[in-house]
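Peer 1: sequence and predicted structure below; questions after.
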Amino acid sequence: AGGHTTEILRLLSCLSESYSPRHYVFADSDKMSEAKIHSFEEKRAETFPNSQFTLDRIPRSREVRQSWTSSVVTTLYSMLYSLPLTYKLKPDLILCNGPGTCVPVCISALLLGLLGIKRTIIVYVESICRVETLSLSGKILYYFSDYFIVQWPNLKEKYPKSVFLGRIV
Amino acid sequence: FRFKDSLAEDLRRADLVVSHAGAGSCLEALEKGKPLVVVINEKLMNNHQLELAKQLHRDGHVVCCNCSTLVETLQTMDLTALKPFPPGQPEKFALFLDKVVGFQ
C-alpha cells in the first residue's frame, strides 16, 4: 500500500537479476500499487529483459488502527488466501516492509516451514517512517523473521537483534 | 492528483514543496533537492508519520508546521537554513541480501 510500495520498490532497485521471478502480493483494497509496480518492472526490463514478475491480491488484513481482536479475525481471513498462495509460490525469500498484508503471508510461510513443505527466508525491513517505534507488523515479525532491518539507530538500540544498515530507501 | 502515477515532473518544476508527512512524499521532494515544508495533520496526531517529520526537522532537512500555522510559516520561514538530504543507499541492502541468500 502507498508508502510501503514506494519503499519496497526502492529496496528492489539494486537487486541483481538473480532475484527472479518476483511475486508481488498486496491488498485487494490497494488501488495504486499495481501502477507503481508496472512502472518499476517496465523500467527494470530495459536492463534485464528476461525479468519475470507476477501480481497477487489478498484481502486486506487490517485497517489503520483497527482493534487487536478484530485484527486477529481479519488476519485469519486473509490467511485463507495467503496460505494457498504461498503454497503455490513456494518462495525462497520473502521481502516485506510492514503493511498488514505481510503478516498473513509471513505466517503462511512459517507454517509451510514448520510442516516441512518449504523453508523460506523472511527478511523484514521496517519503514523509514519508523524512527522511534516499530509498526505492529514489525513488533510481530521481529520475533518471526530471519533478518529484521531498521533504518534509524534509535531502533537498533531498542531492538538489538535487528540489523542496521543506515538509510536504505 | 491522487491518481497520478508519478509526481516526478511536477516536482522537477517546483521551487517549493508543501506536503503531508508521508514518507514517500517527503523523500521524493528531499531527494530532488527541493525545499520542503511538512504539514502535520493535527487530527492524526498519533500517526506514526510524525516520527519521520520530527526526525527530519531535528536533522534540519525540513520546515515543519501544522495546518493552522501553515500560512505564517510560509511567510516567515528561512529556507537557506535547510540542510541537504543525502540519498538512501539501497545498494547496501542489495549487498546484505546477497550475503543472506548466498549470492556472493
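Peer 2: Good, I have the coordinates. Residues are numbered from 1 along each chain as shown, chains lettered A, B, ... in the order given.

Peer 1: can we go C-alpha only for contacts and neighbour counts from here?
Peer 2: Fine.

Peer 1: residue ranges with poor pLDDT in chain B?
Peer 2: B:1-5, B:42, B:44-47 (pLDDT under 70).

Peer 1: repeat that for chain A.
Peer 2: Those would be A:1-2, if you go by pLDDT under 70 across chain A.

Peer 1: the same query, at a cut-off of 80, please.
Peer 2: A:1-3, A:64-65 (pLDDT under 80).

Peer 1: for residue A:49, grab the count of nearby residues.
Peer 2: 12 (other CA atoms under 10 Å in any protein chain shown).

Peer 1: which secondary structure elements does the strand or helix carrying residue B:39 contact?
Peer 2: Under the criterion of DSSP states H and E, residue B:39 resides in strand B:36-40. Contacts defined by 3 or more CA pairs under 8 Å, 6 or more residues apart in numbering or on different chains; DSSP states H and E place strand B:36-40 against strand B:17-20, helix B:23-31, strand B:63-66.

Peer 1: pull the residues that contact the second one.
Peer 2: Outside of helix B:23-31, the residues that reach it under the criterion CA atoms under 8 Å, 6 or more residues apart in numbering or on different chains are A:3, A:6-7, A:128-129, B:11, B:17, B:19-20, B:35-36, B:38, B:49, B:52, B:61, B:84-87.

Peer 1: quick one, longest helix in chain A?
Peer 2: helix A:68-89 (DSSP state H).

Peer 1: so which residues make contact with that one?
Peer 2: A:58, A:59, A:60, A:61, A:62, A:103, A:104, A:105, A:108, A:109, A:112.

Peer 1: so what does the one helix or strand residue A:24 maps to touch, helix or strand wise?
Peer 2: In the assignment (DSSP H and E), residue A:24 maps to strand A:22-27. Contact partners of strand A:22-27 among helices and strands, from 3+ CA pairs under 8 Å, 6+ apart: strand A:53-58.

Peer 1: which parts of chain A are helices?
Peer 2: Under DSSP H, chain A gives helices at A:2-12, A:33-47, A:68-89, A:102-114, A:136-144, A:153-158.
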